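Visitor: Just a sequence and a predicted model for now, questions to come.
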Amino acid sequence: MAPKGLIAGNWKMNGLRASVAEIEDLKARMAATPVACDVLVCPPATLICSFVKAAQGSAISIGGQDCHAALNGAHTGDISAQMLADLGCSHVIVGHSERRADHGESDADVQAKAAAALSQGLVAIICVGETEAERDDGRTIDVVTSQIRGSFPDGATADNTVIAYEPVWAIGTGRTPTPADVAETHAAIRAELVALMGEQGNRTRILYGGSVKPSNASELLTVANVNGALVGGASLKAEDFWGIISACQ
Ligand code: 13P
């Protein structure tokens, strides 16, 4: 049986205190209409507390966008998995391509962050994806499977680990791979997960991310081995995010 869908919003470096209204709006929509999938919002660290509070009594989970590999210590500006768990987060995104590119994070760094997340009872959402040049070279599957192998933590299970496939060239560009391309890459990711985890690999969620919006969500979410979406820009407004959540059957 396919795993239950997960629609996750990655707010990136967006949102101010007033943005809590979007969570209240989403909560009201979810109270009025049952949804078929799990729903997660990952705000910037500054908003985690208020979003956790606003989401109380709803099925909305709150997560972080990154964590340090250590649980505490002299790491100015960083946030640990322990701190996220302490605030009431259930998930944390690790290895987003913007972190890999802007902060030079390697697969080994991502693996250590994912291990820290698991050690604190958080679900690690491990991001992978090829650049446009890698895609043009026909290396998409090589790049993605190698990132998964290199970023995969010990102790990963279908319950504590999620893979998000986000082609770098599709992020924030309005461009998406064709459903056939998504199917091919997700099938390769599924095979890699089964190789790494055995039967659990069949139950591990694989999300697609990159320019998902209400108008293309149904098409992308019904592709084989797509178990949900990681949504950037279209997760910032409850109305748009709801359009994607509603498309998840
Ligand atoms: P967009 O949905 O804005 O393309 O961002 C995708 C993403 O990077 C989510 O993590």
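Guide: Great, that's in hand.
Visitor: can you give me the strands for this structure?
Guide: Counting by DSSP state E, residue ranges of the strands within the chain are 6-10, 38-42, 60-64, 91-94, 123-128, 161-165, 205-209, 228-231.
Visitor: so can I have CSV of these showing mean pLDDT and mean neighbour count?
Guide: Backbone N, C-alpha and C define where each C-beta goes, glycine included. Converted to CSV, the strands of the chain look like this (pLDDT from 0 to 100; neighbours: other C-beta atoms under 10 Å):
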stretch, mean pLDDT, mean neighbour count
strand 6-10, 98, 26
strand 38-42, 98, 25
strand 60-64, 98, 23
strand 91-94, 99, 26
strand 123-128, 98, 26
strand 161-165, 98, 26
strand 205-209, 98, 25
strand 228-231, 98, 28
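Visitor: can you redo these as TSV with distance to residue 27?
Guide: As requested, the strands of the chain are exported to TSV (distance: least, C-beta to C-beta, whole Å):
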stretch	distance to residue 27
strand 6-10	13
strand 38-42	10
strand 60-64	6
strand 91-94	18
strand 123-128	21
strand 161-165	23
strand 205-209	22
strand 228-231	17
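Visitor: could I get the ones you listed as JSON lines with distance to the ligand?
Guide: What follows is these, written out as JSON lines (distance: least, C-beta to the nearest ligand atom, whole Å):
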{"stretch": "strand 6-10", "distance to the ligand": "4"}
{"stretch": "strand 38-42", "distance to the ligand": "8"}
{"stretch": "strand 60-64", "distance to the ligand": "11"}
{"stretch": "strand 91-94", "distance to the ligand": "7"}
{"stretch": "strand 123-128", "distance to the ligand": "7"}
{"stretch": "strand 161-165", "distance to the ligand": "7"}
{"stretch": "strand 205-209", "distance to the ligand": "4"}
{"stretch": "strand 228-231", "distance to the ligand": "5"}
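Visitor: out of those strands, nearest to residue 180?
Guide: With distances scored as C-beta to C-beta, the stretch of the strands of the chain nearest to residue 180 is strand 205-209 (13.1 Å).
Visitor: could you say what helices and strands the closest one packs with?
Guide: Helices and strands touching strand 205-209, by 3 or more C-beta pairs under 8 Å, 6 or more residues apart in numbering; DSSP states H and E, are strand 6-10, strand 161-165, helix 179-197, strand 228-231.
Visitor: can you redo those as a markdown table with distance to residue 51?
Guide: Formatted as a markdown table, the entries for these read as follows, by distance: least, C-beta to C-beta, whole Å:
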| stretch | distance to residue 51 |
| --- | --- |
| strand 6-10 | 10 |
| strand 161-165 | 19 |
| helix 179-197 | 29 |
| strand 228-231 | 16 |
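Visitor: Looks like residue 49 contacts residue 87 (just checking).
Guide: Yes. With contact defined as C-beta atoms under 8 Å, residue 49 counts as touching residue 87 (5.9 Å).
Visitor: And the two? Which one has more around it.
Guide: Remark: of residue 49 and residue 87, residue 87 carries more neighbours, 16 against 13, as counted by other C-beta atoms under 10 Å.
Visitor: Count the residues that sit near the residue in the chain positioned nearest to the ligand.
Guide: Among residues of the chain, the one nearest the ligand by C-beta to the nearest ligand atom turns out to be residue 232. It sits 2.3 Å away. Residue 232 has 21 neighbours, counted by other C-beta under 10 Å.
Visitor: which ones are touching the residue nearest to it when sequence neighbours are not counted?
Guide: Closest residue to residue 232 apart from its sequence neighbours, by C-beta to C-beta, 6 or more residues apart in numbering: residue 10 at 5.3 Å. Residues near residue 10 by C-beta atoms under 8 Å, 6 or more residues apart in numbering: 42, 65, 93, 96, 209, 230-232, 235.
Visitor: please redo it, this time with the cut-off set to 7 Å
Guide: Taking C-beta atoms under 7 Å, 6 or more residues apart in numbering, we find residue 10 in contact with 42, 65, 93, 230-232, 235.
Visitor: Could you count how many residues lie near the spatially closest residue to residue 87 that is not a sequence neighbour?
Guide: What sits nearest to residue 87 in space, not counting adjacent residues and going by C-beta to C-beta, 6+ apart, is residue 48, at 5.0 Å. Burial of residue 48 is recorded as 22 neighbouring residues (other C-beta under 10 Å).
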